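Novice: pasting the structure only:
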């Protein structure tokens, strides 16, 4: 018999989809076995586990959702429950993030863990902006970050926010899905 607590926990965690797969498979070609990797908003741990298994890198995940933290641990991912990178000490060679990027009208939001996983606020960039604003605190100056973004959240605005924080962006992968194009951005510090 399935434990109902486990079932509710799964329903409260974003499960791997096209965006997760695109980020995981794209970044593996850019990560080395000796890299120290931070997966921000690790969710189920799919991306972190994929990177660890395919590259041999050491990966730490973070997530604010306690159900996600448990699910990531169940997938063998070391994880810290925190909001984005609060309290995390770097520097990391690589920082990954598949943030909530769906534009969501505040009147349409609901109050549960899936909202945290899906809602990017009115512009789709609420969490993306927070991530970009905090990235310098955990990324090694010679490191690189990989951010999953969507055309729904205005890629030019994402690039502008990255530039405001002293970063440059470069698209290294994309996938067209219904209603949007998903893009993996490689983010590095300006020198």
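Specialist: The structure has been received and is ready for your questions. Bear in mind that the values here come from a model prediction, so they are computed numbers and not experimental data.
Novice: which helices and strands does the helix or strand where residue 171 lies pack with?
Specialist: Per DSSP states H and E, residue 171 falls inside strand 167-177. Using 3 or more Cβ pairs under 8 Å, 6 or more residues apart in numbering; DSSP states H and E as the contact definition, the elements that strand 167-177 packs against are helix 18-27, strand 139-150, helix 155-164, strand 180-189. No exception for glycine: its C-beta is placed from N, CA and C like everyone else's.
Novice: can I get the ones you listed in JSON lines with mean pLDDT, distance to residue 39 and mean neighbour count?
Specialist: Rendered in JSON lines, the data for the helices and strands packed on strand 167-177 read as follows (pLDDT from 0 to 100; distance: least, Cβ to Cβ, whole Å; neighbours: other Cβ atoms under 10 Å):
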{"stretch": "helix 18-27", "mean pLDDT": "93", "distance to residue 39": "9", "mean neighbour count": "20"}
{"stretch": "strand 139-150", "mean pLDDT": "96", "distance to residue 39": "10", "mean neighbour count": "21"}
{"stretch": "helix 155-164", "mean pLDDT": "96", "distance to residue 39": "19", "mean neighbour count": "16"}
{"stretch": "strand 180-189", "mean pLDDT": "95", "distance to residue 39": "14", "mean neighbour count": "20"}
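Novice: compile these into JSON lines and extend it with columns for distance to residue 62.
Specialist: Shown next, in JSON lines, are the helices and strands packed on strand 167-177 (distance: least, Cβ to Cβ, whole Å):
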{"stretch": "helix 18-27", "distance to residue 62": "15"}
{"stretch": "strand 139-150", "distance to residue 62": "14"}
{"stretch": "helix 155-164", "distance to residue 62": "20"}
{"stretch": "strand 180-189", "distance to residue 62": "17"}
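Novice: quick one, which of these is nearest to residue 124?
Specialist: Distances from residue 124 to each of these were compared using Cβ to Cβ; the minimum, 6.8 Å, belongs to strand 139-150.
Novice: centroid-nearest residue for this structure?
Specialist: Central residue check for the chain by Cα atoms, centre = their mean: the C-alpha nearest the mean position is that of residue 97, 2.0 Å away.
Novice: pull the contacting residues for the nearest residue to that residue once chain neighbours are set aside.
Specialist: On the basis of Cβ to Cβ, 6 or more residues apart in numbering, the spatially nearest residue to residue 97 that is not a chain neighbour turns out to be residue 40, at 4.3 Å. For residue 40, the set of contacting residues under the criterion of Cβ atoms under 8 Å, 6 or more residues apart in numbering consists of 61, 62, 84, 85, 95, 96, 97, 99, 131.
Novice: re the thing from before, show me what the strand holding residue 171 is in contact with.
Specialist: Strand 167-177 is contacted by residues 18, 22, 25-26, 30, 132, 135, 145-147, 158-159, 162-163, 181-190 when judged by Cβ under 8 Å, 6+ apart.
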